[in-house]
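Colleague: sequence and computational prediction follow.
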Amino acid sequence: MSNNLTRRNFLKGSAAAAGTAAVASLAACGGGSDTSSDAGSDSSAEAPAKKKILRFGQSNAKQGLDMQKSTNSGSSSIADSIFEAPLRWNEDNELEPVLLTEIPSFEDDGLTLHCTLKDGVKFHDGSTLTSQDVKYTFERMFTPATGAKSTYMYDLIEGAKDMLAGTATELSGLTCEDDTHFTFHLTSPMTTFIYNLGISYAHIFPHEACEAAGESWGTGTNVIGTGKYKVVSNDDTTEVVLEKFADYHDGEPALDEVHYVFYDDNNTKLMAFKNGDIDYCDLDAALLQQYQNDPDVSPLIHQYLPLGTQFINLNLKDDMGLTDQRVRQALSLAINRQELIDTALNGAGQAASGFLNPAEPGFDESAPAFEYDPEKAKSLIAEAGADGLSLVCKVRKGVYETYMTIVQSYWDQIGVKLDVQVEDSGVWASDWADGNLQITALGWFPLFADADNHMYTYFYSENATKKSSFYNNPEFDDLMAKARVSTDQDERADLYKQADDILSRQDYGVLPLYYPKQQFVCKDYVLNAKVGNLIYHMIDVDIDTTKEDYVGE
């Protein structure tokens with residue numbers, strides 16, 4: 001994002017870890033989360049109550065709102081207001097039921113998962129959610145023509161791989177007992193399968209409406225879910241406008257309308273916030289110092305620590321020149337991580353001590369931040385016979401280019417030349433997937449606080465071959481495989497701790513740089529603004545209409 005008492009204990013453990021490392025730093029704008037949903041309603045006889053209209057600014061991912069076809073957090077921010085998955089990871093990084101009556105538990109076989117839908121849940125078109133909609137949604141996911149991007153998170157459902165291969169048209173591992181009861185049957189145990197039912201990729205679609213929309217599903221107004229807000233207008237270019245769904249199954253939504261306004265660049269977006277054109281948006285680290293010094297905006301800045309890790313990816317294929325562990329360790333030792341954070345990020349980061357984020361089970365609290373020792377690095381380069389080493393780094397424009405230029409200067413001090421080249425995002429993505437990048441930099445953010453979703457998805461040998469890493473350590477793979485099927489919280493955390501130690505502190509198979517801090521700004525009348533992990537959700541947001549600076553309608 002797992003099982004009976006053990007699963008519940010694990011969820012509490014995840015939440016506790018997130019609380020100490022990430023959630024504690026979150027702040028609710030405009031007075032905190034204890035404000036009721038009708039806070040600020042104007043009961044004055046002279047003036048009618050103002051409509052609660054939230055305007056949120058973000059970039060346009062241009063990927064539509066069908067999260068079977070997108071992995072973009074901006075798309076998810078909008079889609080999560082409209083669609084719902086069976087479960088949800090809330091802003092405290094805790095799993096909770098949404099469309100289901102409760103969080104399900106696997107049977108003793110670890111393969112069978114019985115689920116019960118809430119009665120009478122309505123879609124925005126007035127149709128009633130049934131288990132057949134769930135089955136249709138997952139079968140659509142595995143239909144090759146759909147082109148779903150995250151099938152790997154669900155392909156242990158019996159029959160999924162047959163559908164992906166085109167040898168079956170029905171998902172045998174999802175059976176419907178009646179309108180509200182359905183059962184998943186997996187081919188092998190996967191503890192985190194339950195967690196995966198709480199993310200955007202598991203949004204449930206109405207069978208008839210989705211089928212009728214065909215290729216247009218997820219664009220324009222062909223966006224129909226069970227969520228708190230329904231689409232009023234969507235030009236797919238400048239703005240998406242939502243309004244409250246009066247028949248929402250879990251009570252009346254707080255806001256009357258949500259406007260997602262698209263901006264091409266961060267400077268324009270922040271000026272729009274400063275000028276009052278939008279109420280809420282993220283604040284890029286590159287602009288942090290500027291707005292910390294702006295007396296109008298500074299009091300409205302809120303910082304949080306998401307679940308991700310920024311790192312340097314090393315290609316370990318034989319012909320890439322990075323197979324010697326001493327060379328990789330030297331490259332790590334040459335980087336002054338704290339100085340890089342202070343210089344490139346205006347302090348918006350925490351120096352890494354491993355690949356796992358502090359909020360994840362398995363994070364080793366006793367491990368120090370990676371050492372900075374350029375003299376030792378020089379010695380290791382000489383010992384490895386790598387004097388005169390020359391490397392090529394290809395990155396996307398933005399923060400990656402910024403900090404890899406700084407890394408370039410660090411490596412130059414130990415005699416390693418680094419040629420930093422900027423690639424178009426599409427070209428970079430293709431090169432990355434094809435294994436063509438010798439060095440690159442990126443952030444990897446799990447969708448929930450669990451190392452399976454973070455470390456397994458990138459460095460397990462089968463996955464690493466598709467990410468210009470090619471990391472392959474059987475001991476690491478074995479630890480990750482055991483953790484996948486374990487239902488014991490403490491055992492899983494220990495397995496992940498051992499795996500991270502092998503990956504990042506023994507093999508130096510990746511060079512973690514920092515755990516990024518992120519920030520957002522929101523007006524003081526915006527209530528309950530809080531980000532658990534990267535995706536901006538409006539599900540709990542409210543507006544205090546009594547604030548003098550709130551105009552509304």
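Modeller: Yes, it's here. Small disclaimer: the values here were computed from a predicted structure and weren't measured.
Colleague: going forward, measure contacts and count neighbours with C-alpha atoms only.
Modeller: Fine.
Colleague: can I see the domain layout of the protein?
Modeller: 25-254+520-543, 309-516 (automatic domain parsing).
Colleague: isn't Phe142 up against Thr151?
Modeller: Yes: here Phe142 reaches Thr151: they are 6.9 Å apart, a contact under Cα atoms under 8 Å.
Colleague: where are the low-confidence patches of the stretch 151-300 of the chain?
Modeller: Along the stretch 151-300 of the chain, segments meeting pLDDT under 70 are nowhere present.
Colleague: go with 90
Modeller: 285-286 (pLDDT under 90).
Colleague: dump the residue contacts of the residue nearest the centre of the chain.
Modeller: Per Cα atoms, centre = their mean, the C-alpha nearest to the average position across the chain is that of Leu447, at 4.1 Å. Listed by Cα atoms under 8 Å, 6 or more residues apart in numbering, the contact set of Leu447 reads 1, 199, 453-454, 533.
Colleague: which one of Phe142 and Thr151 has more residues nearby?
Modeller: Neighbour count, other Cα atoms under 10 Å: between Phe142 and Thr151, Phe142 has more, with 29 against 17.
Colleague: sort the contacts of Leu447 by pLDDT and name the bottom one.
Modeller: Lowest-confidence member of the contacts of Leu447: Met1, scoring 35 (pLDDT).
Colleague: can I get the domains of the chain in a markdown table including distance to Cys281?
Modeller: Output for the domains of the chain, formatted as a markdown table (distance: least, Cα to Cα, whole Å):
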| stretch | distance to Cys281 |
| --- | --- |
| domain 25-254+520-543 | 5 |
| domain 309-516 | 17 |
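Colleague: quick one: closest of those domains to Asp265.
Modeller: Among the domains of the chain, the nearest to Asp265 by Cα to Cα is domain 25-254+520-543 (7.2 Å).
Colleague: what's near enough to touch Met163?
Modeller: Met163 neighbours (Cα under 8 Å, 6+ apart): 139, 142-144, 169-171.
Colleague: skipping adjacent residues, who's closest to Ile491 in space?
Modeller: For the record, residue 491 is Glu, not Ile. Ala483 (7.5 Å; Cα to Cα, 6 or more residues apart in numbering).
Colleague: give me the contacts around the strand or helix carrying that neighbour.
Modeller: Secondary structure assignment for Ala483, by DSSP states H and E: helix 474-485. Outside helix 474-485, the residues that touch it by Cα under 8 Å, 6+ apart are 189-192, 452, 456, 460-461, 491-492, 495-496, 498-499, 502-503.
Colleague: could you give the number of residues near the residue nearest to Leu99 when sequence neighbours are not counted?
Modeller: Distance criterion Cα to Cα, 6+ apart; nearest residue to Leu99, sequence neighbours excluded, is Pro86 at 4.6 Å. A count of nearby residues for Pro86, using other Cα under 10 Å, gives 26.
Colleague: now Pro86: phi and psi?
Modeller: Note on Pro86: its backbone torsions stand at phi -60, psi -40 [degrees, to the nearest 10].
Colleague: got a list of what it touches?
Modeller: 97-100, 197-198, 202-204.
Colleague: do the same with Tyr514
Modeller: Neighbours of Tyr514 in contact, by Cα under 8 Å, 6+ apart: 309-311, 337, 341, 349-352.
Colleague: quick one: buried residues of stretch 50-68?
Modeller: 50, 52-61, 63-68 (16 or more other Cα atoms under 10 Å).
Colleague: check stretch 196-216 too.
Modeller: Under 16+ other Cα under 10 Å, the buried positions of stretch 196-216 are 196-207, 209-210.
Colleague: how many residues are close by the residue nearest to Asp452 when sequence neighbours are not counted?
Modeller: If the residues on either side of it in the chain are set aside, Asp452 comes closest to Arg484, at 6.8 Å by Cα to Cα, 6+ apart. When counting by other Cα under 10 Å, one arrives at 19 neighbours for Arg484.
Colleague: do you know how far Arg484 is from Leu111?
Modeller: 13 Å (Cα to Cα, to the nearest Å).
Colleague: surely Asp544 touches Lys523?
Modeller: No: Asp544 lies out of contact with Lys523 (Cα under 8 Å); the separation is 10.3 Å.
Colleague: list the contacts for Leu380?
Modeller: Applying Cα under 8 Å, 6+ apart, the residues near Leu380 are 326-327, 329-330.
Colleague: give me the buried subset of these.
Modeller: 326-327, 329-330.
Colleague: distance to Thr219 and secondary structure added to those residues, as CSV?
Modeller: Shown next, in CSV, are the buried ones among the contacts of Leu380 (distance: Cα to Cα, whole Å; DSSP: H, G, I helix; E, B strand; the rest coil):
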residue, distance to Thr219, secondary structure
Arg326, 50, helix
Val327, 48, helix
Gln329, 47, helix
Ala330, 49, helix
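Colleague: please enumerate the helices of the stretch 201-350 of the chain.
Modeller: 207-213, 266-274, 288-292, 325-333, 337-344 (DSSP state H, counting those that start in this stretch).
Colleague: run through the stretch 301-450 of the chain and note the low-pLDDT ranges.
Modeller: 319, 346, 397-399, 425-426, 447.
Colleague: before we move on, the earlier item: tell me which of the contacts of helix 474-485 is nearest to Tyr400?
Modeller: Closest to Tyr400, out of all of these and judged by Cα to Cα, is Leu503, at 22.0 Å.
Colleague: show the backbone phi and psi for that closest one.
Modeller: Taking degrees, to the nearest 10, you get phi -60, psi -50 for the backbone angles of Leu503.
Colleague: how far away is the closest residue to it other than its chain neighbours from Asn472?
Modeller: Computed as Cα to Cα, 6+ apart, the closest residue to Leu503 that is not its neighbour in sequence is Gly509, at 5.5 Å. Applying Cα to Cα, the value for Gly509 to Asn472 is 9 Å.
Colleague: in terms of neighbours, single out the busier of the two.
Modeller: Gly509 (26 against 19).
Colleague: wait, the more buried one touches Ser468, no?
Modeller: No: between Gly509 and Ser468 there is no contact under Cα under 8 Å: 11.7 Å.
Colleague: overlap of the contact sets of these two?
Modeller: Common neighbours of Gly509 and Ser468 (Cα under 8 Å, 6+ apart) are Leu314.
Colleague: tell me where the stretch 351-500 of the chain has helices.
Modeller: Under DSSP H, counting those that start in this stretch, the stretch 351-500 of the chain gives helices at 374-383, 399-412, 425-434, 451, 457-459, 461-464, 474-485, 489-500.
Colleague: deepest-packed of those, please.
Modeller: helix 451 (a mean of 29; mean count of other Cα atoms under 10 Å).
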